[in-house]
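**Student:** Task: produce atomic coordinates for the following.
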Amino acid sequence: MPTNVRLGQGVLSKGVKLSYKTEENGTFVEVKNLQEFPDLGGAAEMVDVTTLADGNYKYINGIKDFGELAFTFLYDNSEATSNYRLMRALEESEAVAYWEVEFPDQTKFDFEGQASTAITGAGVNAALQFTLNITLNSDITVVNPA
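**Tutor:** I've put the predicted structure just below:
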């Protein structure tokens with residue numbers, strides 16, 4: 001286990017990785033320079049199941065809506081394998097990719113989705129960034145470390 005993981009003391013975000021693969025490449029490739037990742041869970045919508053005989057509203061869990069998953073990256077467009085070029089190419093292909101977020105403790109979150117990119121605005125003396133938005137096409141599956 002990495003040195004920044006101490007059981008029972010929390011896990012530092014240092015070392016979190018986002019990787020993807022497509023039908024064509026078949027192997028996960030890390031998207032370099034990740035700065036922020038979104039919530040990887042959410043609340044289910046409440047479905048009203050109240051009847052006229054009830055004294056208060058009753059609900060059951062409905063479908064979860066994660067919306068788009070927005071990941072922030074330090075912008076790099078310096079070569080063919082740079083993070084921005086890879087994600088723009090994936091967006092332009094309109095392919096559904098397989099994604100994996102891996103935590104330092106080796107917990108993984110797997111899902112499928114399509115990519116879109118946006119350069120984020122910047123002011124004076126700021127590093128350029130871009131946002132990778134992933135539109136989900138599957139559930140998010142949690143894979144616990146062995």
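**Student:** Correct me if wrong: residue 96 contacts residue 114.
**Tutor:** Yes: with contact defined as Cβ atoms under 8 Å, residue 96 reaches residue 114; the gap is 5.6 Å. Glycine gets a C-beta too; all of them are placed from N, C-alpha and C.
**Student:** shared neighbours, those two?
**Tutor:** residue 137 (Cβ atoms under 8 Å, 6 or more residues apart in numbering).
**Student:** How much space separates residue 50 from residue 59?
**Tutor:** Going from residue 50 to residue 59 by Cβ to Cβ, to the nearest Å gives 8 Å.
**Student:** Please apply the same query to residue 73.
**Tutor:** Counting by Cβ to Cβ, the gap from residue 73 to residue 59 is 38 Å.
**Student:** Those two: which is more packed in?
**Tutor:** Remark: of residue 73 and residue 59, residue 73 carries more neighbours, 22 against 12, as counted by other Cβ atoms under 10 Å.
**Student:** Give me the phi and psi for the closest residue to the more buried one other than its chain neighbours.
**Tutor:** Leaving out its chain neighbours, the residue that sits closest to residue 73 by Cβ to Cβ, 6 or more residues apart in numbering is residue 33, at 5.0 Å. Torsion angles at residue 33 (phi, psi; degrees, to the nearest 10) stand at phi 70, psi 40.
**Student:** Could you measure from residue 33 over to residue 56?
**Tutor:** For residue 33 relative to residue 56 (Cβ to Cβ), the value is 50 Å.
**Student:** hey, which strand is longest across this structure?
**Tutor:** As assigned by DSSP state E, the longest strand anywhere in the chain is strand 108-119.
**Student:** where's the next helix or strand after it relative to the chain centroid, distance-wise?
**Tutor:** Using DSSP states H and E, the helix or strand that follows strand 108-119 in sequence is strand 129-136. Strand 129-136 sits 8 Å away from the centroid of its parent chain (Cα atoms, centre = their mean, to the nearest Å).
**Student:** What average pLDDT does strand 129-136 get?
**Tutor:** Per-residue pLDDT values over strand 129-136 give a mean of 97.
**Student:** other SSEs contacting that strand?
**Tutor:** Using 3 or more Cβ pairs under 8 Å, 6 or more residues apart in numbering; DSSP states H and E as the contact test, the elements touching strand 129-136 are strand 68-74, helix 83-93, strand 108-119.
**Student:** Cheers, nothing more for now.
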